[in-house]
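Asker: with the input below, show me the fold.
(chains A and B)
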Amino acid sequence: MAEYPNPTGSSPRRPSGKQRAARIPLNYYKTRDGMGRLRLVLVALAPILTLGWWYGGRLLRGDRADSRVSHGPVWGGHAMWEDDCQACHTPFEPIKSGAAFASRGSSRLSGSDQRCSSCHTGPAHHANQRSSLTESCGGCHRDHRGRDADLNRVPDHQCTVCHSDLPHAIQGGPPEDGPLYVDVASFADHPDFGVRVPSPDGRGPLLGRLSDSGDSPDDPSNLKFNHAMHLAVGIDCNFTFADLSPEDRSRYGQTTSTPIDTPVRLDCDSCHLLDAGDRPLPASGWTPSGGDGAIPSRSTGEYMLPVSYENHCRACHPLTVGVPGPGRPPLAIPHGAQPGELRRLLEQAFAAELLDTDRSRLDLPADRPDPDADAQVESQAIDAIRTLLSDADNRLPGPDRRGAETVGDALSDRIRQAEATLYLGTQTCTECHSYDATAGADPSRWTVRPPMVPEVWFPHARFSHVAHRAVDCSQCHGGATDSKVSDDILLAPASSCRDCHGPAEYARGELVRGGARSDCVECHRYHNGDAPLQGIGALARQVDEEQRRSVEAFLRGSAGAPLSGGPSPPSE
Amino acid sequence: MLLNREFRAQHLPWVVLALAILAGLGAWFVVERFRLGEWPGGSTAVGLTLGVVGGVLILFEFLLWPRKKKRAWRIGRVRIWLAGHIWLGLITLPLLIFHSGFHLGGSLSTVLTVLLVAVVLSGAWGLVLQQLLPRRMLEEVPAETIYSQIGRIGRLTRIEARRLVEATCGPTEDERDRFSPDGEEGIDSDEEEEQTANPSYVVVGALRTAGRVQGTVLQTSVPSAPVPGSEPLRVFFYDEVLPYLKSGGSSRSPLAQRHRAEAIFRDLKTQLDPKAHPTVDALAAACDQRRQHDHQARLHGWLHGWLLVHLPMSIALVALMIIHIYVAIKYW
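Answerer: The predicted model follows:
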């Protein structure tokens, strides 16, 4: 800017310093400009709004407003207590014993655990586990991870905190004659799968381990079965549909266009079924096995339904012994009877046959009102047969009765023949069973070795067949078509699992191995882990009547007393 | 705060400290990630440590406010505090995101996260603006004055400009009544400002250079005797200059644009006696000062506007953080 010349020609005058200073008042900083005033208003509003939001919510909703501090939505099953923190939490007490400055085991069965146990119970993992390493409920089953989060998907470190150093995780150290202790930090360190003697609790003696070297233990099931022969066309004996009863033919693959003389060809599904409805019922009807008749009409699909004689063998292997005489049908032998029971059955059947009569002709009272009538009839029948066998004067009817053999001789002879068929032949009992014959040569004193086919081969793990349905059976049960000896255990070693379950490995950009999950809980459970068919919380399914609560009390989330059968704290 | 001044002395120690905290806790966090197989949450040892360190840093950041209010306290220079505020404040965001385990969580933690991000980003934005705008203001606003006094300076300039015009054109009785200090139209000055305004000078800011020294000086113009034929100047002043000096750019005056203003004033001079030209130049200088003050106000808005976000949200963050600490311990 140019200097202003004086219009009158006089020289410019400059203001004094006092005049210049007076243009800016000395207290200018005490007054706020517009932006400063706005900032002051916002600064004043900030705590008012934030504290108002917080305490306003508490005024309106009380403690339920505390749900605003939630880490995130709770699991769907707990959603009704989304706003009720104290349904699970005990104030000022860590719900996770793994939390900072809260040592493991400190909150085991604390207030929070008690609240969990009011609905969920499960046995401790091991009775001798060190309590200082034992997590609280919330330590493993961490909630607030979304409605669909899997609370049972426990991270590996919860397991490896003990299993990476098992000797130090057990009170008093490992027993000298205890099982093999293996330090497992990941699935790559997992020991070979063990095969145990089948037992109800899954803790039978260890027979051996399935290794890649092929040095596997023998099948403990006490049954003889040739997989190779049964999977061959015509079952290696030119067995055709004509040899089956008409009712059973469709079960084994005959269609309306299949010639009757077509050889039968069995496959895995012929005997190993995931679901009772997978195949048409056998001619004799589906028979629950396992002794308790507890097989559901539709199973979960995790495990194969048990193979039973009635459902899977009888169609090709009817249990019969011949009865002399024209037009007489063979005698059906019940499956499951011991030789002593079969002896009595054969005696009754053949005695009646020889006498050309039945039990009603043995001069025994009938229709007794006595509840023990059947047992008494049975007892008297046996006594009568014993008399026949010992009485030399009782001879078979005929024209030369004097020279005929006695009834007892004939009866003994027929029983001997029948038992020879049953126990020494290859078509009936001995086809599959073996015997304990230590009591002598009399077969009636033998004992059929009990079949011990495990319902679940690896009772400390779980495996879902239906989840693996897309994989060919032979991938895990290789060698079935070639196995000719019953001792073969047609189960895969752990290495075959690692083909899919493990870190992904690529070759030239293509997945060649791994990729599927391989965390501990993929196969193992913590609570009730040795009862794979029961599941977690099995002990809590039957709740005492007095421990059940109303819907209102349930929705309130009021923590009740732990259910019976709940976890007990391991004592150090 | 310019980062290129005394960076080594003022900032480097804070940068090293901040990076050491971030690297140490970050490494611990990553190690725990691989040990646990998942990102550690806030209740784990590393998560809680991250939360405690982050919370302490937030409180330290917050203390800059009272520190600025109490400049006389001998607790370290404000510039040192500000350097710590910048570098430690920047690492609170990653530390507390680690603390969260990369989860937003419920409404409280979500609000806290949003506030933290807003505070840190607004602070970073303010830091960037502080590197750019002061230099730009120094270059583009030679008439810079104290922001809060722009209005007052403007009013004084209007009073002085009117007096200069009256001196040049000769006041009329009507105008004396019309523009008296009590009811002066277009000049909402108070009595003190009327007295402060120099009765003999027009004072405007102007850039002057003396060797390597550059700065703003005051320019004074002595009122002259009435110049004959200067009525167009009076009309132009009251119709164009005075509204612009009062309302600035919002008046939509062509004087708000430098080139148009120069053309207008050149045209005005052709209509006036050369004796009135200094007055025209003075009015042009007053308009230029007004343009600069408008520009200064805009730059000031950018330079300090981020505090409208940064400060209130910092207060809200601290308030909710205290609540978060309490309830986190309650529902540990």
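Asker: show me chain B divided up by domain.
Answerer: B:7-141+B:305-330, B:147-298 (automatic domain parsing).
Asker: quickly note the distance from A:Val69 to chain B.
Answerer: Using CB to the nearest CB, to the nearest Å, one obtains 4 Å as the distance from A:Val69 to chain B. Quick note: C-beta positions are derived from backbone N, CA and C, even for glycine.
Asker: I'd assumed B:Tyr326 was in contact with that residue.
Answerer: No: A:Val69 is not in contact with B:Tyr326 according to CB atoms under 8 Å; the separation is 9.1 Å.
Asker: which of these two has more residues huddled nearby?
Answerer: A:Val69 (21 against 11; other CB atoms under 10 Å in any protein chain shown).
Asker: just give the nearest non-adjacent residue to the more buried one, would you?
Answerer: Leaving aside its sequence neighbours, A:Val69 sits nearest to B:Val327 (CB to CB, 6 or more residues apart in numbering or on different chains; 4.1 Å).
Asker: what residues are up against that neighbour?
Answerer: A:Asp66, A:Val69, B:Leu108 (CB atoms under 8 Å, 6 or more residues apart in numbering or on different chains).
Asker: quick one, domains of chain A?
Answerer: A:38-65, A:334-427.
Asker: where among those is the average confidence lowest?
Answerer: Per-stretch mean pLDDT for the domains of chain A is lowest at domain A:334-427 (a mean of 67).
Asker: gap between the two ends of that domain?
Answerer: 15 Å (CA to CA, to the nearest Å).
Asker: for stretch A:422-431, same thing?
Answerer: End residues of stretch A:422-431 are separated by 9 Å (CA to CA).
Asker: before we move on, the earlier item: for the contacts of B:Val327, give me TSV that also has distance to A:Asp472.
Answerer: TSV is the format used below for those (distance: CB to CB, whole Å):
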residue	distance to A:Asp472
A:Asp66	54
A:Val69	52
B:Leu108	53
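Asker: nearest to A:Ile489, of these?
Answerer: Using CB to CB, A:Val69 is the member of those that sits closest to A:Ile489, with 54.4 Å.
Asker: hang on, the earlier thing: closest one to A:Arg498 among the domains of chain B?
Answerer: Closest among the domains of chain B, using CB to CB: domain B:7-141+B:305-330, at 18.4 Å.
Asker: from the chain's centre, how far out does the closest one sit?
Answerer: Remark: domain B:7-141+B:305-330 is offset 23 Å from the chain centroid, using CA atoms, centre = their mean, to the nearest Å.
Asker: what about that domain, how long is it end to end?
Answerer: 44 Å.
Asker: swap in stretch A:213-223?
Answerer: 25 Å.
Asker: please apply the same query to stretch B:249-267.
Answerer: Note: stretch B:249-267 ends 21 Å apart using CA to CA.
Asker: what does stretch A:27-38 rub up against?
Answerer: Counting by CB under 8 Å, 6+ apart, A:Leu40, B:Ile146, B:Tyr147, B:Ser148, B:Gln149, B:His300, B:Gly301, B:His304, B:Gly305, B:Leu308 sit against stretch A:27-38.
Asker: tell me who's in contact with the residue in the stretch 351-500 of chain A positioned nearest to chain B.
Answerer: For the stretch 351-500 of chain A, the residue closest to chain B is A:Arg498, as judged by CB to the nearest CB, at 18.4 Å. Counting by CB under 8 Å, 6+ apart, A:Arg498 touches A:Phe187, A:Ala188, A:Arg513, A:Gly514, A:Ser518.
Asker: verify the stated contact: the second one with A:His501.
Answerer: So that's A:Ala188. No: using CB under 8 Å, A:Ala188 is not in contact with A:His501, being 10.4 Å away.
Asker: more neighbours: those two, which one.
Answerer: Neighbour totals were compared for A:Ala188 and A:His501, and A:His501 leads with 19 against 11 (other CB under 10 Å).
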